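J.: Give me the fold of what follows.
(chains A, B, C and D)
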Amino acid sequence: MESSINQDVFEITRDPIDKSGLEARILTGAAGAIVTFDGVVRNQTRGRAVISLQYEAYPAMAVREMQRIGDEIRQKWPQIDRIGIVHRFGELQISESSIVIVITSPHRKAAFEACQYAIDTLKKTVPIWKKEIFADGEEWVEGSL
Amino acid sequence: MESSINQDVFEITRDPIDKSGLEARILTGAAGAIVTFDGVVRNQTRGRAVISLQYEAYPAMAVREMQRIGDEIRQKWPQIDRIGIVHRFGELQISESSIVIVITSPHRKAAFEACQYAIDTLKKTVPIWKKEIFADGEEWVEGSL
Amino acid sequence: MTINILFFGACREAADGVAEISLDLASMSRGGETPGNPDVLLVWQSLAGRYPALARFNGNVLFAVNEEYARGDKLLVAGDTLAIFPPVSGG
Amino acid sequence: MTINILFFGACREAADGVAEISLDLASMSRGGETPGNPDVLLVWQSLAGRYPALARFNGNVLFAVNEEYARGDKLLVAGDTLAIFPPVSGG
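T.: A predicted model of the protein is given here:
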């Protein structure tokens, strides 16, 4: 969408996340630092081999909660330039990205802090759930209240 | 180079940095988090419009100092999976990347910490210098001892 | 007076795999009383009766009304969407 | 007994734009003494005499010998490469 050029991005998608594209969409000349968190599917958990992860989302509410994280970041770090958060759902294979968070800012410190805040908060508030698929079964990952 | 697949990367280059390629080179199935710092040329400094940045490097020593940072990271955060650091030199335009640092690890906390450590340390120890090119002059950026 | 219920994740599986149902709030009356608007908790208890496997989420379940997190004492009105799900585990 | 000198950044500009020179350490003797191996600081002082604009970096300059950071009292031997540069500003 042309209207999203150089605006914050909060999306969920069934398709592979276009990380470079996301970075390009939010990059402006004011940025001196781009900090990106990319969460990828690990090949094991607690020593047990993982085949894939199945993500389920409550799409409309997930996007609202991502926007809320964006609002909080702008309050805490007003110097941030742009925020991009894209979460994927569906079945993901090893090394595929489930979540990409990109923060741009004039200087790096705020970008690092805001990026960590975003992923820490997302894992507590954004309504998405994952199930680990093993060779011999599957298990919902337990979140905590 | 095939030998560099799935190994740490420490390079300087005159060419644009291939950020996605760097991430792909160091990504293994053990990684659950990829944290990337990308330093890009800002369009202004202290309110003065910047045309471009000119980076000069002491190439062989720069790579040695990057490797030293890698060694320090592995001592401080043994759980880190892979480290990639690429610094560009030559003349860079607004929004071009001068430095890309990628850290992969099973969990995100160490990756964030190591990535910040890498850029903080690189700015103090790696022999590279930049000059700001303005419309009406140019100025070396002063490092500090 | 009808509301819409959504189940997600392990709660959906516990609700016999039902992702979405409409619920007539008139069915929520307690005993012989004429009910006012039921709150989230009353609906939850009713659903846990209907889908016994849901009961294990008691005290470990989250609610959202119209896409906003809500507590058990939130009153529901006709047309509301109540989402019921376990603690989130995205990222 | 010759060493190689490299200048970078603002130091290179201050050294009349010279990026690299070879220096005969025999020229480093202090007064009439027969010199032993000179240290980095002695070479620096000699170069600051040769390129007067370098002098302003006194106390704000870094040295590396054979691609390793070195202090002023590091002794130089034939074949060494001494790099001279201002505090780094990469990233």
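
J.: For chain C, which residues score under the pLDDT cut-off?
T.: Along chain C, the parts satisfying pLDDT under 70 run over C:29-35.

J.: So which residues of it form helices?
T.: C:9-14, C:40-50 (DSSP state H).

J.: and stretch A:78-88, which residues are buried?
T.: A:80-88 (16 or more other C-beta atoms under 10 Å in any protein chain shown). Using the backbone N, CA and C atoms, a C-beta is placed for each residue, glycine as well.

J.: same deal with stretch C:61-80?
T.: Buried, per 16+ other C-beta under 10 Å, within stretch C:61-80: C:61-65, C:67, C:70, C:74, C:76, C:80.

J.: That stretch vs chain A: in contact?
T.: Yes. Applying C-beta under 8 Å from any C-beta of the partner chain, one finds stretch C:61-80 in contact with chain A at C:62, C:64, C:67-69.

J.: can I get these in CSV with distance to residue B:28?
T.: Putting the residues of stretch C:61-80 next to chain A into CSV (distance: C-beta to C-beta, whole Å) gives the following:
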residue, distance to residue B:28
C:62, 35
C:64, 38
C:67, 38
C:68, 40
C:69, 37
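
J.: quick check, nearest of these to residue A:110?
T.: residue C:69 (27.4 Å; C-beta to C-beta).

J.: residues contacting the nearest residue to residue A:70 once chain neighbours are set aside?
T.: Excluding its sequence neighbours, the residue lying closest to residue A:70 (C-beta to C-beta, 6 or more residues apart in numbering or on different chains) is residue A:83, at 4.8 Å. Residue A:83 sits next to A:8-10, A:26, A:70, A:73-74, A:101-103, A:114, A:118 when contact means C-beta atoms under 8 Å, 6 or more residues apart in numbering or on different chains.

J.: correct me, but residue A:127 touches residue A:64?
T.: No. Judged on C-beta atoms under 8 Å, residue A:127 makes no contact with residue A:64 at a distance of 9.2 Å.

J.: So if I had to pick from these two, which one is more boxed in?
T.: Higher neighbour count among residue A:127 and residue A:64: residue A:127, with 27 against 16, using other C-beta atoms under 10 Å in any protein chain shown.

J.: measure the more buried one to chain C for me?
T.: 5 Å (C-beta to the nearest C-beta, to the nearest Å).

J.: Name the nearest residue to that residue, ignoring sequence neighbours.
T.: Once flanking residues are discounted, residue A:127 sits nearest to residue A:58: 4.0 Å by C-beta to C-beta, 6+ apart.

J.: What is the burial count for that neighbour?
T.: Residues near residue A:58, counting by other C-beta under 10 Å: 23.

J.: now the one 10 residues further on
T.: Burial of residue A:68 is recorded as 16 neighbouring residues (other C-beta under 10 Å).

J.: need the contact list for it.
T.: Per C-beta under 8 Å, 6+ apart, neighbours of residue A:68: residue A:125.

J.: Quick check: phi and psi at it.
T.: phi -60, psi -40 (degrees, to the nearest 10).

J.: And the pLDDT at it?
T.: Predicted confidence (pLDDT) at residue A:68: the value is 98.

J.: likewise residue A:144?
T.: For residue A:144, the model assigns a pLDDT of 84.

J.: Now for residue A:112, how many residues are close by?
T.: 23.

J.: Backbone dihedrals for the residue sitting furthest away from the middle of chain A, please?
T.: In chain A, the residue that sits farthest from the middle, by C-alpha atoms, centre = their mean, is residue A:136; the gap is 28.9 Å. Torsion angles at residue A:136 (phi, psi; degrees, to the nearest 10) stand at phi -120, psi 30.

J.: Please list all residues in contact with whichever residue of chain C sits closest to chain D.
T.: Of all residues in chain C, residue C:91 sits closest to chain D, at 29.1 Å by C-beta to the nearest C-beta. Residue C:91 makes contacts with A:39, A:87, A:98-99, A:119, A:122-123, A:126, A:128, as judged by C-beta under 8 Å, 6+ apart.

J.: Which ones among the residues you listed lie within helices?
T.: Per DSSP H, these map to helices at A:119, A:122-123.

J.: ok, back up a step: against residue C:63, how distant is the residue nearest to residue A:127?
T.: As for residue A:58, its distance to residue C:63 is 12 Å (criterion: C-beta to C-beta, to the nearest Å).

J.: who touches both of the two?
T.: residue C:83.

J.: interface residues of chain A facing chain B?
T.: A:19-20, A:23, A:27-44, A:94-95, A:106, A:108, A:112, A:115-116, A:119.

J.: before we move on, back to that, most neighbours, which of the ones in helices among the contacts of residue C:91?
T.: The most crowded member of these, judged by other C-beta under 10 Å, is residue A:122 (23 neighbours).

J.: so that one sits right up against residue A:66, yeah?
T.: Yes. With contacts counted by C-beta under 8 Å, residue A:122 reaches residue A:66, the gap being 7.0 Å.

J.: Please identify every residue contacting each of the two.
T.: A:85, A:87.

J.: ok, residue C:60 - contacts?
T.: A:145, C:86-87.

J.: Beta-bridge partners for residue A:132, please?
T.: Taking DSSP bridges, one finds residue A:53, residue A:139 as the beta-bridge partners of residue A:132.

J.: related to what we said a few turns ago, quick one: residues contacting the nearest residue to the residue of chain C closest to chain D once chain neighbours are set aside.
T.: Ranked by C-beta to C-beta, 6+ apart and with sequence neighbours excluded, the top spatial neighbour of residue C:91 is residue A:123, at 4.2 Å. By C-beta under 8 Å, 6+ apart, residue A:123 lies in contact with A:143, C:88-91.

J.: Just flag the most distant two among these.
T.: A:143 and C:91 (9.7 Å).

J.: just to revisit the earlier point, given whichever helix or strand the residue nearest to residue A:70 is part of, what are its sheet partners and their directions?
T.: Assigned by DSSP states H and E, residue A:83 belongs to strand A:82-88. As defined by DSSP bridges, the strand partners of strand A:82-88 come to strand A:9-13 (parallel), strand A:97-105 (antiparallel).
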